[in-house]
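>>> Structure for the following, please:
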Amino acid sequence: MLTVNLICIGKIKKKYWTDAIFEYKKRLSAFCKFNIIEIDEEKTFNNPNSSQINSILNAEGKRILNSISKGSSVISMCIEGKQLTSPELAKKLGDITLNGKSSVDFIIGGSWGLSDEVKAKSDFKLSMSKMTFPHQMARVVLTEQIYRAFEILNNGKYHK
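Numbering: from 1, shown residues only. Here you go, the predicted structure:
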């Protein structure tokens, strides 16, 4: 069974987001082992300059890199990444398992994004949209799309 890890900067603060994620996590248990790995976010300065932002990205990036599973396929959520349809994401997950990987790590960075080092470690860069979403919402949407992908792969009725 594939292990899917969602590596995220920060914690979910609102119950309605955690409830939504829990529902999809419960549904995903039929298809994979699903883990959420929350990494502490760096303290952000008021109006940080580019040097301070780089320092934040690098510190968070090191913690992200330490959380990536050995031998895992790494998919980073990046605005410059490729946008996929739900069936295309399902195919990507299917291809990962066909290529002998036993785990996939999805990465959602902090409010400043991801360090170049994390992006370089990525096997694929995925963009949810050209729009910007709160990180809590992005986590819910990504979890739902992972569930939808497994439903598609298993010819379920969820995806219409």
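>>> hmm, who's touching the longest strand seen in the chain?
Across the chain, the longest stretch assigned as strand under DSSP state E is strand 73-82. Strand 73-82 is contacted from outside by 68, 92, 96, 99, 101, 103-109, 113-114, 118-119, 121-128, 130, 132, 138, 142, using Cβ atoms under 8 Å, 6 or more residues apart in numbering. Where you see a C-beta, it was placed from the backbone N, CA and C, and this is true even at glycine.
>>> Which stretches in this protein count as helices?
Counting by DSSP state H, the chain has helices at residues 15-28, 50-67, 86-98, 116-121, 135-153.
>>> how big is the angle separating the third one from strand 73-82?
I take that to be helix 86-98. 150 degrees (axes from the mean of the first three to the mean of the last three Cα atoms, to 10 degrees).
>>> Which positions in helix 86-98 come out as buried?
By neighbour count on 16 or more other Cβ atoms under 10 Å, the buried set for helix 86-98 is Leu89, Ala90, Lys91, Lys92, Leu93, Ile96, Thr97.
>>> Let's have those residues in JSON lines, adding pLDDT and distance to Leu28.
Formatted as JSON lines, the buried residues of helix 86-98 follow (pLDDT from 0 to 100; distance: Cβ to Cβ, whole Å):
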{"residue": "Leu89", "pLDDT": "97", "distance to Leu28": "14"}
{"residue": "Ala90", "pLDDT": "97", "distance to Leu28": "13"}
{"residue": "Lys91", "pLDDT": "97", "distance to Leu28": "18"}
{"residue": "Lys92", "pLDDT": "97", "distance to Leu28": "16"}
{"residue": "Leu93", "pLDDT": "96", "distance to Leu28": "11"}
{"residue": "Ile96", "pLDDT": "94", "distance to Leu28": "15"}
{"residue": "Thr97", "pLDDT": "90", "distance to Leu28": "14"}
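>>> Looking at those, which is nearest Val4?
Distance to Val4, by Cβ to Cβ, is smallest for Leu93 among these, at 8.1 Å.
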